[in-house]
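Undergrad: only geometry, no sequence info:
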């Protein structure tokens, strides 16, 4: 998560923002956002950083001897990179060296941008198919539409030749920068004239399109805290709360690995009406404590709040969940979060690379560090200066036999540090729900939905039993690991959903799917019981 020096002016939320944000974030004519635990990162200027001392003294002397006398040829740059990696491995899992060639891609991930044409592709049977198009992208400007088949990319045939979608993506990424030529086929119209799409820097949506789960309950998913996440979030809140009258919010941070700290703080400020409310603070051996507080400028009132988290919710997501939990502002629902509570600075190096160095920990308002223990350090120790809460009882021993410190929330509930954010209401998934969450199973379901909904699709004439058999065979072909009984049960459910989707519009279809989500079911109960 990146800490930037300036905050976005609050008036930006009043700009005439409109339009829906696409749900998907992986656009295959470019690089998608990484879903690994994100950094909590503070940027510094060149003049603020210490002189680059890498490759001097004994290290430089050893390198000169190796270059002059070693028995075999060596690649100096590769040797230096390996030496740096070995040095940083003695610290923590998040301190890292970023080489010059990787730095721009790394910054693009933090900004939530990619170089691409704005098309998301999938494989339907043996055809590379456009699943969605990013508004305002070169593909949208050229008139590319969902359900278009991609016959050729450049001079290479990609449909009808049993190519895997991952192979197609790899081929796209290997093409030289610049324009990419596509030959498309549109069902009902036939082949289209070949188009050339320029690839440019695109901002990926990091906030999904929100919906009303009930007349008074809004649902908004946030996939990443990138450069414009707060603005995108406020677009959804303005629509659902300001215009459509919702009073309560389910904020879905499942799978959100982090991003910019300021974006998380601005979002959190919308949940706390009292200016000066402590949201998070950072502190380290060589870094003075810094408090981040609510502004008190709440633009749309939100009454009851539920935050969904899982084991992939990390960093900035845990800051949001931790503040909500510590102040008893809402209910945390789901599964224990990742447990990433360290802060890095991004230090520029003279070789034009950068060093991510862990410089401090962050602490939730109750004074707890949620960082899980790792081999080189006891990261579960309590902070020296708790914020508002007196220490609570100590929980049983956690990882590596370390005691887990307890803290007390604003209303006197005990919460624990050192092991991520533990939800107030735990969601336990049965074997079928776990199978539905499988990435391959989700892809099969989505492709079936698209194929089935396409005008004139022969799948619409299949009986429900035949459709179930088709789903089952595709699950098997996609290598969805399951027992025959599990697969048949899942196939029956998916076939019924795919068939029922024909009778409703996209928003109602999505609401119906969300209402079957075990996490959302618990969230709605929590809303009603708050």
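TA: Structure received. In this text the structure is predicted, and so the values were computed from the model without any measurement.
Undergrad: so where do the helices sit in the protein?
TA: 57-69, 76-88, 100-111, 138-141, 165-174, 229-237, 261-269, 316-326, 431-436, 439-453, 464-477, 484-500, 506-515, 518-529 (DSSP state H).
Undergrad: list of residues touching the second one?
TA: Pointing back at helix 76-88 there. 54, 55, 59, 63, 66, 67, 95, 96, 97, 99 (Cβ atoms under 8 Å, 6 or more residues apart in numbering). Every C-beta, even on glycine, is put in place using the N, C-alpha and C of the backbone.
Undergrad: now do 6 Å
TA: 95, 97 (Cβ atoms under 6 Å, 6 or more residues apart in numbering).
Undergrad: can you give me the buried ones in it?
TA: Within helix 76-88, the residues scored as buried using 16 or more other Cβ atoms under 10 Å are 80, 83, 84, 88.
Undergrad: angle of that helix against helix 57-69?
TA: 150 degrees (axes from the mean of the first three to the mean of the last three Cα atoms, to 10 degrees).
Undergrad: and for the last one?
TA: When the same axes, to 10 degrees is applied, the directions of helix 518-529 and helix 57-69 differ by 170 degrees.
Undergrad: show me what helix 518-529 is in contact with.
TA: 217, 248, 250, 304, 306, 308, 331, 333-334, 425, 427, 433, 514.
Undergrad: could I get these as a markdown table with distance to residue 152?
TA: A markdown table is the format used below for these (distance: Cβ to Cβ, whole Å):
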| residue | distance to residue 152 |
| --- | --- |
| 217 | 46 |
| 248 | 49 |
| 250 | 43 |
| 304 | 52 |
| 306 | 47 |
| 308 | 42 |
| 331 | 51 |
| 333 | 47 |
| 334 | 44 |
| 425 | 51 |
| 427 | 45 |
| 433 | 40 |
| 514 | 38 |
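Undergrad: so for the residues you listed, which is the shakiest by pLDDT?
TA: Ranked by pLDDT, the contacts of helix 518-529 bottom out at residue 433, which has 82.
Undergrad: any idea how far that one lies from residue 307?
TA: Per Cβ to Cβ, to the nearest Å, residue 433 is found 20 Å from residue 307.
Undergrad: more neighbours, those two?
TA: Remark: of residue 433 and residue 307, residue 307 carries more neighbours, 30 against 15, as counted by other Cβ atoms under 10 Å.
Undergrad: shouldn't the more buried one be in contact with residue 331?
TA: No. The criterion here is Cβ atoms under 6 Å, and residue 307 misses it with residue 331 at 7.5 Å.
Undergrad: not counting its neighbours along the chain, what's nearest residue 352?
TA: Once flanking residues are discounted, residue 352 sits nearest to residue 100: 4.2 Å by Cβ to Cβ, 6 or more residues apart in numbering.
Undergrad: count of residues packed around that neighbour?
TA: Residue 100: 12 neighbours (other Cβ under 10 Å).
Undergrad: how about residue 447?
TA: Going by other Cβ under 10 Å, the residues that sit close to residue 447 add up to 19.
Undergrad: that one and residue 124 touch, don't they?
TA: Yes. Applying Cβ under 6 Å, one finds residue 447 in contact with residue 124, separated by 5.2 Å.
Undergrad: angle of the longest strand along the chain against helix 261-269?
TA: Longest strand in the chain by number of residues (criterion: DSSP state E): strand 354-363. Comparing the axes of strand 354-363 and helix 261-269 via the same axes, to 10 degrees yields an angle of 30 degrees.
Undergrad: please name every helix or strand in contact with strand 354-363.
TA: Strand 354-363 sits against strand 96-98, strand 278-284, strand 342-348, with contacts defined as 3 or more Cβ pairs under 6 Å, 6 or more residues apart in numbering; DSSP states H and E.
Undergrad: got these as a markdown table, with mean neighbour count and distance to residue 184 columns?
TA: As requested, the helices and strands packed on strand 354-363 are exported to a markdown table (neighbours: other Cβ atoms under 10 Å; distance: least, Cβ to Cβ, whole Å):
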| stretch | mean neighbour count | distance to residue 184 |
| --- | --- | --- |
| strand 96-98 | 19 | 38 |
| strand 278-284 | 21 | 48 |
| strand 342-348 | 22 | 41 |
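Undergrad: any idea which of these gets closest to residue 472?
TA: strand 96-98 (43.9 Å; Cβ to Cβ).
Undergrad: mind giving me TSV with the helices and strands packed on strand 354-363 and columns for distance to residue 483 and mean pLDDT?
TA: Output for those, formatted as TSV (distance: least, Cβ to Cβ, whole Å; pLDDT from 0 to 100):
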stretch	distance to residue 483	mean pLDDT
strand 96-98	41	89
strand 278-284	45	94
strand 342-348	41	85
